[in-house]
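Chemist: build me a model:
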Amino acid sequence: MALSNDWFTEICTESGSAFSLKVKEKLHQEETPFQRIEIYETNHFGTLMVIDGFIMLSDFDNFFYHEMMSHPALFTHPNPEQVVIIGGGDCGTLREVLKHKEVKRAIQVDIDERVTRLSEQFFPELCEANSDPRAELLFADGIQWVKDAAPGSIDIIIVDSTDPVGPAKGLFSAAFYRDCFRALGDDGIVVHQSESPLIHQELIRDMRNAMHSAGFTQQLTINFPQPVYPSGWWSATLAGKKEILTTFREQASRNKPFVTRYYNHDIHLAAMALPEFWRERD
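Modeler: Coordinates of the predicted model:
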């Protein structure tokens, strides 16, 4: 990470690339017990949150990520009533999840309360559902929370984590996926952000293998644009206890009773398509 001449730059060493945003001012910075959080106001991407030097989200394009981390999984599960979000402290994924009226309870478990409190201050539109009576905000270790969850008690687990470093590293392990498998019901789905399908192919392969070894019979990696992340192309990987991931409730998706900016029925179908280089490697 570098900040010079009013430009914030995130360097992606593994790809030899960098992404820069022109900034107006730094609005906030603090060190929590877990990480360093910075908030900037940019010229064209609105407010920007940075954690440990890595861009987490911007006003301008966060809808791609939050919608694709939630709606494909929720429209795939036959009856998503109990949803748990591990991480997701900015609350954008929680907001999208609670657009689904079938959801009876959505628990967000993030280790760092300050991410949520700063999001309430600087990204209030992402926190619109925080007061929904179905929402429960917990500030705890998500890995331990899933380990302690009652068997078969959850329909969907959304792992809205940072990169696999620091507190988030254990979220990418086979042991964690085994705990997810045990906590999920018979039709259960776990969906985990899985980085860039161009830059992080080995990571995605390792995640899918770990999910398979944990007992999930099917894995599906979906892809979508995300301009502020390395390569501008991002992914989420779903794992199901049943082989249901390539079908979804298409009529419900077509007739969704809520507003989205990116997700729709056709996007859902398109996101499941694999580029040729992925077919070759699979």
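Chemist: outline the domain layout of the protein.
Modeler: Annotated domains of the chain cover 2-58, 62-281 [automatic domain parsing].
Chemist: out of the ones you listed, deepest packed?
Modeler: Mean neighbour count, computed with mean count of other Cβ atoms under 10 Å, is highest for domain 62-281 among the domains of the chain, reaching a mean of 19. C-beta coordinates here come from the backbone N, C-alpha and C atoms, glycine included.
Chemist: state the distance from the nearest residue to Gly88 once chain neighbours are set aside to Leu198.
Modeler: For Gly88, ignoring the flanking residues on the chain, the nearest one in space by Cβ to Cβ, 6 or more residues apart in numbering is Asp160 at 3.4 Å. Computed as Cβ to Cβ, to the nearest Å, the Asp160 to Leu198 distance reads 21 Å.
Chemist: mean pLDDT added to the domains of the chain, as a markdown table?
Modeler: Conversion of those to a markdown table gives the following (pLDDT from 0 to 100):
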| stretch | mean pLDDT |
| --- | --- |
| domain 2-58 | 93 |
| domain 62-281 | 94 |
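Chemist: got the phi/psi numbers for Gly152?
Modeler: phi 70, psi 20 (degrees, to the nearest 10).
Chemist: that one contacts Phe181, correct?
Modeler: No: here Gly152 does not reach Phe181: they are 10.3 Å apart, not a contact under Cβ atoms under 8 Å.
Chemist: so what's in contact with those two at the same time?
Modeler: Shared contacts of Gly152 and Phe181 (Cβ atoms under 8 Å, 6 or more residues apart in numbering): Gly188.
Chemist: all helices for the stretch 51-200 of the chain, in order.
Modeler: All helices of the stretch 51-200 of the chain, identified by DSSP state H, counting those that start in this stretch, fall at 62-76, 92-97, 113-122, 142-148, 174-183.
Chemist: now do the SS call for Ile222.
Modeler: strand (DSSP: H, G, I helix; E, B strand; the rest coil).
Chemist: any idea what it is bridged to?
Modeler: Under the criterion DSSP bridges, Ile222 forms beta bridges with Ala236.
Chemist: list the contacts of it.
Modeler: By Cβ under 8 Å, 6+ apart, the neighbours of Ile222 are 68, 72, 235-238, 271-272.
Chemist: can you tell me how far it sits from Met272?
Modeler: Applying Cβ to Cβ, the value for Ile222 to Met272 is 6 Å.
Chemist: for this structure, what spans make up the strands?
Modeler: Secondary structure of the chain (DSSP state E): strands at 2-4, 7-12, 17-31, 36-42, 47-51, 54-58, 82-87, 105-109, 135-138, 154-160, 184-193, 218-225, 233-240.
Chemist: need those strands in JSON lines with distance to Lys256, can you?
Modeler: Putting the strands of the chain into JSON lines (distance: least, Cβ to Cβ, whole Å) gives the following:
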{"stretch": "strand 2-4", "distance to Lys256": "40"}
{"stretch": "strand 7-12", "distance to Lys256": "33"}
{"stretch": "strand 17-31", "distance to Lys256": "32"}
{"stretch": "strand 36-42", "distance to Lys256": "31"}
{"stretch": "strand 47-51", "distance to Lys256": "27"}
{"stretch": "strand 54-58", "distance to Lys256": "23"}
{"stretch": "strand 82-87", "distance to Lys256": "16"}
{"stretch": "strand 105-109", "distance to Lys256": "17"}
{"stretch": "strand 135-138", "distance to Lys256": "20"}
{"stretch": "strand 154-160", "distance to Lys256": "17"}
{"stretch": "strand 184-193", "distance to Lys256": "18"}
{"stretch": "strand 218-225", "distance to Lys256": "17"}
{"stretch": "strand 233-240", "distance to Lys256": "18"}
